[in-house]
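Asker: Pasting a predicted model and its sequence here:
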Amino acid sequence: MIRTLWLCALLTTTLVSQVTTEVVSQTAQKVQRTSTTEMLRTLAKLEPKDGWLATPPGMPDELWQFYKTRYGLAPKGNEPDEIRVGLGRMLFFDKRLSRDRTLSCASCHDPNHGFAEPRKKSIGINGQIAARNAPTVMNAGLQRSFFWDGRNKTLEEQAGGPILNQTEMGMPDRASVVARIQEVEEYVALFELAYNRAPTFVDITRSLAAFQRTLVFVDSPFDLYREGDKEAISKDAQQGFELFNQHCSSCHPVNIRSPLLSDGNFHNIGIGFAQHDHQKLGREGFAKLRAAKKDTTIDQDAIIGQYGELGRALITKLEYQVGAFRSAPLRNVALTAPYMHDGSLATLRDVVVHYNDGGTPNTWQDPQIVKLNLTEKQIDQVVAFLFSLTDRRFATENKLAYEAQR
């Protein structure tokens, strides 16, 4: 264990030594990326007092055991321990995993922005703009599918996607990723300790997944309110919860089996239809997917990137799922603006207004999306409720975000 701690400390020093604060441009809007040093400092502040592997703050032990079983939080061959989680943590912040060594996983999943980022869409290597907004990886272990279209079913599968995506981190193949890791002797030693063998691409994704499963943030004022503390949230938030239950809970259920307030299913809620011709995208995109099925040299990720507005239909090939995307988890949602798969809604109030207006009606829109006829005050009350879902470790950031939106 002493040797492991020494290696971790040395490798953390290696990580910090390579960081710079970056400024990137997207449609003439300049956004400053957080330095790796600052991200690591923030992560350290967020660590629970009993450590990342303990029962998360605010959750009873028996409920955590239930979730560990229900969501497979200790998969065979990748059961979490200090070495695997620590290794994954270092890889998550390491820019070696991108082709030009400018981006880490944390570049788009910044602890200072709710493990997401404040851009409409992510910016990959060479300034390339990704197809979709970066979802948060907070509470990722409590989800059943990953990416906006749900194309991956495990965190291990998800972890490798952005690294090999040519628009995002851009590594050419798995062997190149492994070669990067083998450049660092300390990494090689840690993989021997974690998985009893030299680094492999599979084990790289396993360690990244092990780290992400520790990012559980479910200790919110709303939970205290549900436990009986009527002073834990404001009167407006309480009324907003009642309105939310009435209008939103079919896709965002509030119960013990849905800890993230999401059904995990896919719905067309009328986002992007004012900007895109989905009929045209479907004709072109599905033809290219059929061709890719016959020709394995065609990059399916590139097709998904180009025709990403088709949503879940790109994965299932079912027309009724055109424009359908995974219901977003609502835990800590106040920290992860902008919203929706395309980042088109800047604030939570914009989101509630969108639903209140009945979306943008289209051929495939979910029949549950109808005009709600909420008053301005009621819209504000629903927003107040959504802000009550933020983990108390982010109380200061949550308060600032709420005050900025009012």
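Answerer: Ah, there it is.
Asker: can I assume residue 43 sits in a strand?
Answerer: No - the assignment for residue 43, made by DSSP: H, G, I helix; E, B strand; the rest coil, is helix rather than a strand.
Asker: From here on, call the first residue 24.
Answerer: Yes, from this point I'll number from 24; that puts the last item at residue 66.
Asker: Residue 197 - nearest residue in space that isn't next to it in sequence?
Answerer: Of all residues not flanking residue 197 in the chain, residue 224 sits nearest, at 3.9 Å (Cβ to Cβ, 6 or more residues apart in numbering). Glycine gets a C-beta too; all of them are placed from N, C-alpha and C.
Asker: ok, now residue 366?
Answerer: residue 143 (3.0 Å).
Asker: For the residue nearest to residue 197, list the residues it contacts.
Answerer: 183, 197-198, 200-201 (Cβ atoms under 8 Å, 6 or more residues apart in numbering).
Asker: per-residue pLDDT, the residue nearest to residue 366?
Answerer: In this model, residue 143 is scored at 96, pLDDT.
Asker: right, and it touches residue 365 too?
Answerer: Yes - look at residue 143 against residue 365 with Cβ atoms under 8 Å: they come within range, at 6.6 Å.
Asker: any shared contact partners between those two?
Answerer: With Cβ under 8 Å, 6+ apart, residue 143 and residue 365 have common neighbours residue 156.
Asker: got a list of what the spatially most central residue of the chain touches?
Answerer: In the chain, the centroid-proximal residue (Cα atoms, centre = their mean) is residue 159; its distance is 2.5 Å. Contacts for residue 159 (Cβ under 8 Å, 6+ apart) come out as 132, 137-139, 352, 355, 358-359.
Asker: got it, and residue 192?
Answerer: Residue 192 neighbours (Cβ under 8 Å, 6+ apart): 120-122, 126, 147-148, 185-186.
Asker: and if you look at residue 361?
Answerer: Contacts of residue 361 by Cβ under 8 Å, 6+ apart are 141-143, 156, 367-370.
Asker: Out of the residues you listed, which sit inside helices?
Answerer: Applying DSSP state H to the contacts of residue 361, no entry is found in helices.
Asker: so which of those is the most crowded?
Answerer: residue 156 (24 neighbours; other Cβ atoms under 10 Å).
Asker: Distance of it relative to residue 348?
Answerer: As defined by Cβ to Cβ, to the nearest Å, residue 156 lies at a distance of 10 Å from residue 348.
Asker: shared neighbours of the two, which are they?
Answerer: 171, 363-364.
Asker: now, among these, which is nearest to residue 396?
Answerer: Using Cβ to Cβ, residue 363 comes nearest to residue 396 of the shared contacts of residue 156 and residue 348, at 21.9 Å.
Asker: Identify the residue spatially nearest to the closest one, adjacent ones excluded.
Answerer: Using Cβ to Cβ, 6+ apart, the nearest residue to residue 363 is residue 294, at 4.8 Å.
Asker: how about JSON lines for the contacts of residue 192, with secondary structure, pLDDT and distance to residue 428 added?
Answerer: Shown next, in JSON lines, are the contacts of residue 192 (DSSP: H, G, I helix; E, B strand; the rest coil; pLDDT from 0 to 100; distance: Cβ to Cβ, whole Å):
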{"residue": "120", "secondary structure": "helix", "pLDDT": "98", "distance to residue 428": "35"}
{"residue": "121", "secondary structure": "coil", "pLDDT": "98", "distance to residue 428": "33"}
{"residue": "122", "secondary structure": "coil", "pLDDT": "97", "distance to residue 428": "38"}
{"residue": "126", "secondary structure": "coil", "pLDDT": "97", "distance to residue 428": "29"}
{"residue": "147", "secondary structure": "coil", "pLDDT": "95", "distance to residue 428": "29"}
{"residue": "148", "secondary structure": "helix", "pLDDT": "95", "distance to residue 428": "33"}
{"residue": "185", "secondary structure": "helix", "pLDDT": "96", "distance to residue 428": "30"}
{"residue": "186", "secondary structure": "helix", "pLDDT": "97", "distance to residue 428": "34"}
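Asker: Go through the residues you listed and say which is closest to residue 255.
Answerer: Of the contacts of residue 192, the one sitting nearest to residue 255 (Cβ to Cβ) turns out to be residue 185, at 37.0 Å.
Asker: The nearest residue to that closest one once chain neighbours are set aside: what's it in contact with?
Answerer: Leaving out its chain neighbours, the residue that sits closest to residue 185 by Cβ to Cβ, 6+ apart is residue 191, at 4.4 Å. With Cβ under 8 Å, 6+ apart as the criterion, the residues that contact residue 191 are 126, 131, 145, 147-148, 151, 153, 185.
Asker: List buried residues within those residues.
Answerer: 126, 131, 145, 147-148, 153, 185 (16 or more other Cβ atoms under 10 Å).
Asker: still on that earlier bit, wait, which of the contacts of residue 224 is closest to residue 398?
Answerer: residue 183 (47.1 Å).
Asker: correct me, but residue 193 touches residue 147?
Answerer: Yes - counting by Cβ under 8 Å, residue 193 touches residue 147, with 6.5 Å between them.
Asker: re earlier: now the shared contacts of residue 156 and residue 348 in JSON lines, with secondary structure, pLDDT and neighbour count?
Answerer: Formatted as JSON lines, the shared contacts of residue 156 and residue 348 follow (DSSP: H, G, I helix; E, B strand; the rest coil; pLDDT from 0 to 100; neighbours: other Cβ atoms under 10 Å):
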{"residue": "171", "secondary structure": "coil", "pLDDT": "96", "neighbour count": "22"}
{"residue": "363", "secondary structure": "coil", "pLDDT": "98", "neighbour count": "19"}
{"residue": "364", "secondary structure": "coil", "pLDDT": "97", "neighbour count": "24"}
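Asker: closest to residue 341 among the residues you listed?
Answerer: Distances from residue 341 to these, taken by Cβ to Cβ, are shortest for residue 171, at 16.2 Å.
Asker: Residue 158 versus that closest one, what's the distance?
Answerer: Residue 171 is 7 Å from residue 158, by Cβ to Cβ.
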